[in-house]
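In: 3D model of this:
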Amino acid sequence: MSENWFAKQPQEPLAGKCAIVVGGNSGIGKAAAEAIAAAGANLVIAGVPEQGCHEEAEALKAQGTKAVGVACDVTSQESIDNVIKVAEENFGQIDILVTSAGIALPRMNAVDVKPEQWDKLFSINLKGNFFLMTSVARAMEAKNIKGKMVVVASARGINSMENIAPYCIAKAGVMGMVRSLAVDFAKKSILVNGIAPGYVYTPMVAKVFEEQPQQEAYVKSRTPLPNYTGTQDEMAAAILHLVLPVTEYTTGQTLVLDGGWSIQ
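Out: Numbering: from 1, shown residues only. Just a heads-up that it's a prediction; the model follows:
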């Protein structure tokens with residue numbers, strides 16, 4: 001076997017690192033937190049509701065990971081600052097940030113969207129993630145950390161879908177934010193990347209398919225691969241790749257994980 005990084009990497013390549021995972025109490029964020037923990041990192045599970053963060057932290061601790069749970073409302077700078085404080089007080093520094101903070105509106109035509117609905121969606125998906133990432137970047141820079149950041153966007157940021165216009169626009173903005181922050185953070189030795197999942201099989205998606213079989217048929221018809229939904233584990237594996245020490249030459253990229261939908 002050649003003496004490349006993977007041939008000689010430690011069993012826990014993220015040992016001693018501290019990772020904040022916002023949204024780490026459910027879905028893709030939770031799967032990512034567990035993958036990063038398995039690689040040896042210490043975890044800060046942040047998000048809402050707070051109780052779910054504490055529960056996930058306790059579950060990780062039961063498996064031997066050093067972890068702490070904390071509330072994080074990304075629309076509040078005070079809440080963001082507290083997450084950073086908790087991370088540094090418990091683990092000394094922040095090496096990794098993963099954020100899956102985001103919401104969607106009920107499906108409706110664009111002409112029916114109210115300004116207050118637009119503002120709520122963008123305050124979390126775009127504004128909240130921007131100030132979360134810039135705040136963590138300042139904390140990393142202050143301690144001379146070569147940091148890694150990954151934000152969860154969506155394949156809908158590339159291919160729009162009927163009746164979810166604000167969500168598609170917001171996720172396109174998130175992908176643009178990945179590119180822009182990657183440029184601004186490059187001289188700080190902080191890498192910024194994203195993933196853009198297509199349909200990932202979760203209880204929520206299962207419920208949608210059960211209640212709207214026509215939606216499942218549509219997704220099947222648009223996806224080249226027979227496995228027309230992805231798994232949370234595959235999304236987590238992509239995130240893990242982007243935060244491993246071997247990843248030093250990849251920044252400003254959003255990996256599209258959608259079964260081939262976007263290449264047609």
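In: does the closest residue to residue 260 other than its chain neighbours count as helix, strand or coil?
Out: Take residue 260 and drop its neighbours on the chain: the residue closest to it by CB to CB, 6 or more residues apart in numbering is residue 224, 3.7 Å away. (Each C-beta comes from the backbone N, C-alpha and C, glycine too.) Here residue 224 is recorded as coil under DSSP: H, G, I helix; E, B strand; the rest coil.
In: so what pLDDT did residue 224 get?
Out: pLDDT for residue 224: 96.
In: Give me the distance between it and residue 262.
Out: Using CB to CB, to the nearest Å, residue 224 is found at 10 Å from residue 262.
In: more crowded one of the two?
Out: Each of residue 224 and residue 262 has its neighbours counted (other CB atoms under 10 Å); residue 262 has more, 16 against 11.
In: which residues does the more buried one contact?
Out: 155, 158-159, 198, 256 (CB atoms under 8 Å, 6 or more residues apart in numbering).
In: Just to be sure, it is in a strand?
Out: No. Judged by three-state DSSP, residue 262 forms no part of a strand; its state is helix.
In: Compute the distance between it and residue 126, please.
Out: For residue 262 relative to residue 126 (CB to CB), the value is 21 Å.
In: Likewise for residue 198?
Out: Counting by CB to CB, the gap from residue 198 to residue 126 is 20 Å.
In: Compare the two (neighbour count), which wins?
Out: The residue with more neighbours, out of residue 198 and residue 126, is residue 198; 23 against 19, by other CB under 10 Å.
In: how deep is the closest residue to the more buried one other than its chain neighbours tucked in, by neighbour count?
Out: Distance criterion CB to CB, 6+ apart; nearest residue to residue 198, sequence neighbours excluded, is residue 258 at 2.8 Å. Using other CB under 10 Å, residue 258 has 25 neighbouring residues.
In: related to what we said a few turns ago, give the ChimeraX command for selecting the buried subset of the contacts of residue 262.
Out: Entered in ChimeraX, the line below selects the buried ones among these, by 16 or more other CB atoms under 10 Å:
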select :155,158,159,198,256
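In: Next, format the contacts of residue 262 as TSV and append secondary structure, pLDDT and distance to residue 15.
Out: Putting these into TSV (DSSP: H, G, I helix; E, B strand; the rest coil; pLDDT from 0 to 100; distance: CB to CB, whole Å) gives the following:
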residue	secondary structure	pLDDT	distance to residue 15
155	helix	96	33
158	coil	95	36
159	coil	93	39
198	coil	96	33
256	strand	98	31
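In: Look up the pLDDT of residue 206 for me, please.
Out: We have a pLDDT of 85 for residue 206.
In: swap that for residue 1, please
Out: Reading off the per-residue confidence, residue 1 sits at a pLDDT of 40.
In: Would you mind pulling the contact partners of the helix or strand hosting residue 139?
Out: Using DSSP states H and E, residue 139 falls within helix 129-142. Helix 129-142 is contacted by residues 20, 22, 72, 74, 77, 80-81, 84, 88, 93-95, 97, 99, 101-102, 147, 149, 151, 174, 177, 181, 185, 188, 190, 192 when judged by CB under 8 Å, 6+ apart.
In: Mind exporting the C-alpha coordinates of that helix to PDB?
Out: The C-alpha coordinates for helix 129-142 follow below in PDB (Å, rounded to 0.1, in the frame of the first residue of the first chain):
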ATOM      1  CA  ASN A 129     -25.800  31.400   8.800                       C
ATOM      2  CA  PHE A 130     -23.800  34.400   7.600                       C
ATOM      3  CA  PHE A 131     -23.400  35.900  11.000                       C
ATOM      4  CA  LEU A 132     -22.800  32.500  12.600                       C
ATOM      5  CA  MET A 133     -20.000  31.800  10.200                       C
ATOM      6  CA  THR A 134     -18.400  35.200  10.400                       C
ATOM      7  CA  SER A 135     -18.600  35.100  14.200                       C
ATOM      8  CA  VAL A 136     -16.900  31.700  14.300                       C
ATOM      9  CA  ALA A 137     -14.300  32.900  11.700                       C
ATOM     10  CA  ARG A 138     -13.300  35.700  14.100                       C
ATOM     11  CA  ALA A 139     -13.000  33.300  17.000                       C
ATOM     12  CA  MET A 140     -10.800  31.000  14.800                       C
ATOM     13  CA  GLU A 141      -8.600  33.800  13.600                       C
ATOM     14  CA  ALA A 142      -8.100  35.100  17.100                       C
END
